[in-house]
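> Have a look; sequence and predicted model below, questions after that.
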Amino acid sequence: MKMKQLALGCALAAAAIGAQAASAINGHTVIFFSGASAPDKFMADISTSILTGAVQYRGVNADNSINGNYNAFVGTANNIPGVANGTKLAIIKRSEGGSERGVGPVGQQLNIRTMDLNDCDLAAKTCKLMGDDQAGVGGLVPDMGVSDVEPAMFVGLGVNVPSDGAETPASLFAEVQPVNQLMFGIVATNSIPASTHLSRVGYGNLLSGKYETWSQFSAALNDGAAEDNVVVCRRVPGSGTQASYNMYFNNFPCGSASNAATPIAGVFDSDFSAFNGNGDGSEANPFEVDPSLATGKIIIENSGSGDVRNCLKAANNRTEHKTLGADGFWYTVKFQNGTKPYRAIGVLSADSYGKESGWAFRMLDGAGTYNLATQTASAGATGVAPSKANLVSGAYDFVLELSMQHAGLTGVKKAVFNEIVRRAGSTTYTGDTTGVFTTVPNAFATLPQIGDAVAQPTLVARHTRLANSCAPLKKF
């Protein structure tokens, strides 16, 4: 009996040891890359192609649930100019907080939350997170950043910069590189009929909270088929996607002093009748938003693009949506309390194609839906399609230029930055010309100052903003 107890004790001890944290690195140079989520897919492709024997680790929260905003790639250098093959490298990519986390913390050299590659489960290929953005303790200072638009666009506290943050002077960056072009889209739930005409002006006014109900927007939507509240699934301040929409529809911050402050609606512009007083704002007990109690608009701020997609899906399908707001509080939106589907628009870059569920990309200045995966429009569609052909020709102009930046890298880290920038602008990745990557090539185009539009007319754009989002697209 004692032998059995001893054996059991040894087994339990061995299991406990097996579950202990382990390190995924051993003498590796750790490169921390923070910012926009849009390039995550081709960042994964690039990371695995510049590393031999690359192993991907995913970030996990304190409760061991996967946090898709954190990924790491550990291996050895493979054909990176300036880095000896076999050099041990670990590349961490953080997307939480969006583009601004690839601007402010990079330029201001601030510690932010990241993956702890010394606290991993090697079998599950997961690692814990460390650090606190709000306190500025722990974590790491990002070596390089990526943003949907150039750093100069991140101005205006509570608009393009988080309310508790600070603007980052351009002088703090050693290098800012335009990388490629990315399309952004008009998106709407399926509960909004495909026959609904969505113009740039009308969509902008919806985003700005100028309409309380859909029947105000269009008499044709006073059909009783859905709830009448206008619902906007937007991003939080600091998101590059949100900054892109602020520029395209509200001219912020590109306008003159008289019009640069065009209102951009946020969560507190919602009909306050929807806030029923329940909850304390914690993740376990979020504030409740009940659209069925409101007669007007509901504005929902979402931390990531995946949250926007979930928001649109929940509105269309009348299910609950939980999200972390820009104020650090959690909210749960009780769409299920309505008796009919809700009609919502959203804020998404075109790399979300293939993930449509209860919503679709729409035609610009027209009616109809557009499938970016198949490059086809719905029957009878009008307006300008967010197609790859229209992206490279300049016919579809809701296009911005992805930016990568650092504040003074040298040595191995600078060489890795250079190679990531070079590959991210290449048609191998923006167009997936080899057919082996997991990119979403119909959302991106190579810049004409990088590629050859004559040699590759379907992959290289003919126009550019020359790294200035406030400038119009100009033929290169």
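Structure's in. What do you need?

> Whichever strand in the chain runs longest pairs with which strands, parallel or anti?
The longest strand of the chain (DSSP state E) is strand 175-189. Paired strands of strand 175-189, with direction, are strand 343-349 (antiparallel), strand 359-362 (antiparallel), strand 399-406 (antiparallel), strand 444-445 (antiparallel) (DSSP bridges).

> so of those strands, which one's packed in deepest?
With neighbours defined as mean count of other C-beta atoms under 10 Å, the strands paired with strand 175-189 peak in mean count at strand 444-445, which reaches a mean of 31. In short, each C-beta sits where N, CA and C put it, glycine included.

> SS state for the closest residue to Gln56 other than its chain neighbours?
In this structure, Gln56 finds its nearest non-sequential neighbour in Phe73, 5.6 Å apart by C-beta to C-beta, 6 or more residues apart in numbering. Classification of Phe73 using DSSP: H, G, I helix; E, B strand; the rest coil returns strand.

> closest one to Gly145 among the strands paired with strand 175-189?
Closest approach to Gly145 among these (C-beta to C-beta): strand 399-406, 5.3 Å.

> what distance separates stretch 223-230 from the middle of the whole chain?
Centre-to-centre, stretch 223-230 and its host chain are 29 Å apart (C-alpha atoms, centre = their mean, to the nearest Å).

> I meant stretch 54-61, not that one.
19 Å.

> where exactly do the helices run in the stretch 1-150 of the chain?
2-19, 40-49, 104-108 (DSSP state H, counting those that start in this stretch).

> Need the contact partners of the last one.
For helix 104-108, contacts defined as C-beta atoms under 8 Å, 6 or more residues apart in numbering pick out 34-35, 110-112, 141-145, 151, 154, 161, 165-166, 168-169, 172-173, 405-407.

> closest to Asp432 out of the strands paired with strand 175-189?
For Asp432, the closest of the strands paired with strand 175-189 is strand 444-445, at 9.3 Å, according to C-beta to C-beta.

> quick one, strands of the stretch 351-476 of the chain?
Remark: strands assigned in the stretch 351-476 of the chain by DSSP state E, counting those that start in this stretch are 359-362, 369-371, 376-377, 399-406, 444-445, 463-464, 474-475.

> hang on, the earlier thing: ok, the residue nearest to Gln56 - contacts?
44, 47-48, 51, 54-57, 90-91, 93.

> Tell me the bridge partners for it.
Under the criterion used (DSSP bridges), Phe73 bridges to Gln56, Ile91.

> Skipping its backbone neighbours, what lies nearest Glu100 in space?
Closest residue in space to Glu100, ignoring its immediate chain neighbours: Gly238 at 3.4 Å, by C-beta to C-beta, 6+ apart.

> and if you look at Ala385?
Tyr370 (4.9 Å).

> That neighbour reaches Lys388, doesn't it?
No - if you go by C-beta atoms under 8 Å, Tyr370 and Lys388 don't touch, sitting 11.2 Å apart.

> who has more neighbours, the two?
Neighbour count, other C-beta atoms under 10 Å: between Tyr370 and Lys388, Tyr370 has more, with 27 against 21.

> and the gap between the residue nearest the centre of the chain and Phe173?
When C-alpha atoms, centre = their mean is applied to the chain, the residue found nearest the centroid is Ser37 (3.6 Å). Counting by C-beta to C-beta, to the nearest Å, the separation of Ser37 from Phe173 is 21 Å.

> And the helices in the stretch 351-476 of the chain?
Counting by DSSP H, counting those that start in this stretch, the helices of the stretch 351-476 of the chain are 388-393, 411-424, 427-430.

> give me the low-pLDDT residue ranges for the stretch 201-350 of the chain?
256-263 (pLDDT under 70).

> Surely Ile420 and His406 touch.
No - using C-beta under 8 Å, Ile420 is not in contact with His406; the gap is 10.5 Å.

> What score does Gly136 have for pLDDT?
Gly136 carries a pLDDT value of 77.

> Can you tell me which of the strands of the stretch 351-476 of the chain is nearest to Val267?
Nearest of the strands of the stretch 351-476 of the chain (C-beta to C-beta): strand 359-362, 19.9 Å.

> returning to that earlier point: which ones are touching the residue nearest to Glu100?
Contacts of Gly238 by C-beta under 8 Å, 6+ apart are 97-101, 154, 160-162, 165, 326.

> If we only consider those residues, which is nearest to Asn229?
The closest of the contacts of Gly238, once distances to Asn229 are taken by C-beta to C-beta, is Ala326, at 21.3 Å.

> which one is the closest one nearest to, not counting chain neighbours?
Among residues not flanking Ala326 along the chain, Val236 sits closest, at 3.9 Å (C-beta to C-beta, 6+ apart).

> And Met363, by the same measure?
Per C-beta to C-beta, 6+ apart, closest to Met363 is Gly383, 3.6 Å.

> Could you pull up the contacting residues of the one you found?
Applying C-beta under 8 Å, 6+ apart, the residues contacting Gly383 are 197-198, 363-368.

> out of these, which are buried?
Buried members of those, counted by 16 or more other C-beta atoms under 10 Å: 198, 363-364, 366-368.

> out of those, which one sits closest to Asn180?
Distances from Asn180 to the buried ones among the contacts of Gly383, taken by C-beta to C-beta, are shortest for Leu364, at 20.6 Å.

> I figured the closest one was touching Ile186, is that so?
Yes - judged on C-beta under 8 Å, Leu364 makes contact with Ile186 at a distance of 5.6 Å.

> Need the overlap of contacts for the two.
Taking C-beta under 8 Å, 6+ apart as the criterion, Leu364 and Ile186 both touch 198, 386, 398.

> quick one: which of those residues is nearest to Ala455?
Pro386 (24.6 Å).

> residues in contact with the closest one?
For Pro386, the contact set (C-beta under 8 Å, 6+ apart) comprises 183, 185-186, 350, 361, 363-364, 370, 372, 396, 398.

> I'd like those laid out as CSV, including distance to Leu447.
Output for the contacts of Pro386, formatted as CSV (distance: C-beta to C-beta, whole Å):
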residue, distance to Leu447
Met183, 13
Gly185, 20
Ile186, 24
Ala350, 16
Phe361, 23
Met363, 25
Leu364, 22
Tyr370, 23
Leu372, 20
Tyr396, 16
Phe398, 16
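
> ok, the residues you listed vs Pro291, which is closest?
Set against Pro291, the nearest of the contacts of Pro386 by C-beta to C-beta is Ile186 (22.2 Å).
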